[in-house]
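Colleague: everything below, folded, please.
(chains A and B)
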Amino acid sequence: MSIAAEELGEVYEKKVLDKLSDAVIGGFVKIAETLRPGWYRRNKSRVDEWRLMAYAFNRSPPGIIGMLLVLGFVLVALVGPYVAPFRYDTPLQFFDQNSYLAPPGTVISVPNSTLAQNFGIKPGNYTLLLGGDDYGRDLWSRILYGARTSFVVAILVMMVGPWIGIAIGLIAGYYGGKIDELLMRITDVFLAFPGLILAIAFSAVLPPRISAFLESHATIRSLLLTLFALEEQHAGAMAYLVSVVVALWLVWWPGYARLVRGSVLSARENLYVEAARALGVPTRWIMIRHILPNILGPVLVYLTLDFGGVILTEAGLSFLGVGAVPPIADWGRIVYDGANFFPNAWWLVFFPGLATLLAVLGFNLIGDTLRDVLDPKTRRSLEFKLKKREEVVEGE
Amino acid sequence: MAELKRFLIRRLITFIPTLIGVTFIVFVIAAVIPANPAKMWAGGEKARPEVVERIKKEYHLEDDILTQYYFVMTKLLKNEMVSPVTQHYIWDDLKMYFPVTFQLTIIAFFFIIAIGIPLGIVAALYRDSVVDTAIRILALTGVSTPIFWLAYLMIFLFFTRLHWITLAGTPTPPYSITGIPLIDAILKGDLDMLSQILARFGLPGFILGFAGIGVTARIVRNSFLDSMSADFTEYAMARGLTKMRIYMHVLKNAMVPIVTVLGLMFGGLLGGAPITETVFGIPGLGRYMLQAIRNFDYLALVGSVFFVALIYLIANLIVDILYAFIDPRVRY
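Modeller: Numbering: from 1, shown residues only, chains lettered A, B, ... in the order given. Now for the predicted structure:
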């Protein structure tokens, strides 16, 4: 007995992270229980599964690294614009010539002037941590703002694009027959496209229309300006970013349509679906209640991976000159503009690219770990070992 | 064989609606959404009204959209369509740019296969070990890396520091057999030409294939593991075959998903790689399409998208045919 305890104890001892995830899940259960008494009793097995998933996730070092990277990225995106030493468009060249293409670590001094007051800079000495660009803008501040740009674009794209695909896949799998045939042919057409080219074409033609739309819809404009952390006078430049979002909506659904349709077709054959049908449950209810929750696993994995994919694609579009336009701080755009001074001003290429890599890698690590965690086999073996361990502990 | 013929005909027929759909979508995006392409073709704001009028007539810009689309497609397919921006026949342009992209894709694919497959097999043989995790993280880093960033880092290393590569011109041999310089040089055994081509295209090819290496390694690992746990592997072990022989059997049986992914990847890469081609200044299909979009030259864009979609569909078809050669159980 004691040998088994040692064997299992090392790996399946509850870790700090496990206690943390237990606390998070426990808190969620408490809230659900207050809102709807009796919720926990009805959903106990589901909560147990969540707990096991969390434990499995905590045992994957790549997953933990990914989680840290993503949390860091989200944190920077949320607070970056408020803690950045300068605004994204502050041309420090006006105050100190040394800031022009300044290498990382350059110290500049800002004298007291009305111009400095207009830009909201206090006079004094500043260190440009990551250097400056050809307008003397502080690269570190622009990277902080760039995180916000990437994050908001990714969120806006992921809130719409994949869900178009999921809806189409559900409808195609649900109705079958001619509707399925038609929807899948349309999906094939979009899949046969070079996705990036389609996105470039959309982002190139959309800006005038988007610009006109934003001009006539003041509420949406100011909401988006707040989201992107941009100044009022850059609403015109923002239209290009919004165009990228719309372009990515239009190209980011076919994969999901395929995936969901395939899963619906196989999930339809399950015994529990047949049982529900035999009980006279309406087909629509079966679809939403019995099939959708069971196919969400792979969809969730793809959503996580694609969050990184969108960030990467957006940076690529901006690098090609069709996404963000100056003076908006965008990681791809900083590289595009900085490439003119490569390799002398290497920092303008190196740091924004590195930031993109780290953010995207975080999402990919999480998505890849989720794939394992959502696999029922992983959870069952973990559950077995946990039970075994409890027995061992009781036996002693 | 009769089956194969029937299968081919059936598949080729399904190409038609897809191709029409693809070109029509691009046509609508590029021709209808932007305002007044004729003015831009004639030279922007300063364009003379009579030139604009002539262009409008020549390209049927005032007809309804279906007539316009029909006009564009028939002219394109007959190679009678001249781009209003470059003044070249569009099909001729494509014939010039495509071999460059094809060559780049071959090199990218060489790296994908030469690095991705061995890495995948190693990861499968040492599954759940440190090696496996390292390859997994490497693969994920591959798909997370912005290509333009990697390209600049490599240019810094190999061009600025080591002077190993060139960044200008496209080496073209004086002879032409297949029309693709790389293949021609190999066929002729022209080592000098080959080294020139590799100095220019080797690094871009590697960069283009970089993301694919990781994807391939993952898929090879997973399908290798799947067929490792199949009954025939156990039987081969029981018969006492050497490890090498067993692995060959396993690999052959793991081939179907690998070929699917590789085939789709090849088709996708052939569709042009705008970012890689832009960084390295390579005149390929991706850059041609990018240029067409920038100039609002939608005729060139429709032509190239038709071409790219056709290649993608053919790549798909070839993958399907290959299945039967890999796995004799597959019937059409």
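
Colleague: all strands for the chain, in order.
Modeller: Let's take chain A. Ranges of strands within chain A are A:106-110, A:124-128, based on DSSP state E.

Colleague: now those strands in JSON lines, with mean pLDDT and mean neighbour count?
Modeller: C-betas here are computed from N, CA, C, even on glycine. Formatted as JSON lines, the strands of chain A follow (pLDDT from 0 to 100; neighbours: other Cβ atoms under 10 Å in any protein chain shown):
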{"stretch": "strand A:106-110", "mean pLDDT": "86", "mean neighbour count": "17"}
{"stretch": "strand A:124-128", "mean pLDDT": "86", "mean neighbour count": "16"}
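
Colleague: which among those is found nearest to residue A:256?
Modeller: strand A:124-128 (43.0 Å; Cβ to Cβ).

Colleague: partners of the closest one in the sheet?
Modeller: Taking DSSP bridges as the criterion, strand A:124-128 pairs within the sheet with strand A:106-110 (antiparallel).

Colleague: in CSV, list the strands of chain A along with distance to residue B:211.
Modeller: Supplementary listing: the strands of chain A in CSV, determined by distance: least, Cβ to Cβ, whole Å:
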stretch, distance to residue B:211
strand A:106-110, 35
strand A:124-128, 33
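
Colleague: residues in contact with the residue in the stretch 1-150 of chain A positioned nearest to chain B?
Modeller: Distance from chain B to each residue of the stretch 1-150 of chain A (Cβ to the nearest Cβ) is smallest for residue A:62, at 6.0 Å. For residue A:62, the set of contacting residues under the criterion of Cβ atoms under 8 Å, 6 or more residues apart in numbering or on different chains consists of A:365, A:368, A:369, B:133, B:136, B:137, B:140.

Colleague: report the separation between the third one and chain B.
Modeller: Going from residue A:369 to chain B by Cβ to the nearest Cβ, to the nearest Å gives 10 Å.

Colleague: which residue comes closest to that residue once chain neighbours are left out?
Modeller: In space, residue A:369 comes closest to residue A:63 once its chain neighbours are excluded; the distance is 3.2 Å by Cβ to Cβ, 6 or more residues apart in numbering or on different chains.

Colleague: get me the contact residues on the stretch 201-332 of chain B for chain A.
Modeller: Within reach of chain A by Cβ under 8 Å from any Cβ of the partner chain, the stretch 201-332 of chain B has these residues: B:268, B:271-272, B:274-275, B:278-279, B:286, B:289-290, B:293-294, B:301, B:305, B:308-309, B:312-313.

Colleague: the stretch 1-150 of chain B too?
Modeller: Where the stretch 1-150 of chain B comes near chain A, counting by Cβ under 8 Å from any Cβ, the residues are B:17-18, B:21-22, B:25-26, B:29-30, B:33-35, B:133, B:136-137, B:140-141, B:143-150.

Colleague: let's see it at 6 Å
Modeller: B:18, B:21, B:22, B:29, B:33, B:34, B:140, B:144, B:145, B:146, B:148, B:149 (Cβ under 6 Å from any Cβ of the partner chain).

Colleague: pull the residues that contact stretch A:341-356.
Modeller: The list of residues contacting stretch A:341-356 from outside it, by Cβ atoms under 6 Å, 6 or more residues apart in numbering or on different chains, reads A:101, A:104, A:130-131, A:133, A:143, A:315, A:331, A:334-335, A:338, B:146, B:149, B:152, B:156, B:160.

Colleague: name the residue of the stretch 201-332 of chain B that lies nearest to chain A.
Modeller: Ranked by Cβ to the nearest Cβ, the top residue of the stretch 201-332 of chain B for proximity to chain A is residue B:271, at 3.8 Å.

Colleague: what is the neighbour count of that residue?
Modeller: Using other Cβ atoms under 10 Å in any protein chain shown, residue B:271 has 27 neighbouring residues.

Colleague: distance check, it against residue B:285.
Modeller: 7 Å (Cβ to Cβ, to the nearest Å).

Colleague: same question for residue A:183.
Modeller: 30 Å.

Colleague: tell me which of those two has more neighbours.
Modeller: A direct count of neighbours by other Cβ under 10 Å for residue A:183 and residue B:285 places residue B:285 higher, at 31 against 18.

Colleague: please list all residues in contact with that one.
Modeller: B:97, B:98, B:101, B:272.

Colleague: before we move on, back to that, of the contacts of stretch A:341-356 - the most surrounded one?
Modeller: When these are compared by neighbour count (other Cβ under 10 Å), residue A:315 ends up highest, at 35 neighbours.

Colleague: do I have it right that it meets residue A:330?
Modeller: No - Residue A:315 lies out of contact with residue A:330 (Cβ atoms under 6 Å); the separation is 7.5 Å.

Colleague: give me the number of residues near residue 211?
Modeller: Chain wasn't specified; assuming chain A. In terms of burial, residue A:211 registers 18 neighbours under the definition other Cβ under 10 Å.

Colleague: you looked at the wrong chain, it should be chain B
Modeller: Count around residue B:211 with other Cβ under 10 Å applied: 21.

Colleague: contacts only, for it.
Modeller: Contacts were defined as Cβ under 6 Å, 6+ apart; by that measure residue B:211 touches B:142, B:143.

Colleague: so what's it scoring on pLDDT?
Modeller: Note for residue B:211: predicted pLDDT of 89.

Colleague: name the next helix or strand downstream of the host helix or strand of it, please.
Modeller: Per DSSP states H and E, residue B:211 falls inside helix B:191-228. Scanning forward in sequence from helix B:191-228, with DSSP H and E defining helices and strands, the next element found is helix B:231-238.

Colleague: that next one - contacts with which helices or strands?
Modeller: If contacts are counted by 3 or more Cβ pairs under 6 Å, 6 or more residues apart in numbering or on different chains; DSSP states H and E, helix B:231-238 sits against helix B:243-253.

Colleague: so which bits of stretch A:221-238 are buried?
Modeller: A:221, A:224, A:225, A:227, A:228, A:229, A:230, A:234, A:235, A:237, A:238 (16 or more other Cβ atoms under 10 Å in any protein chain shown).
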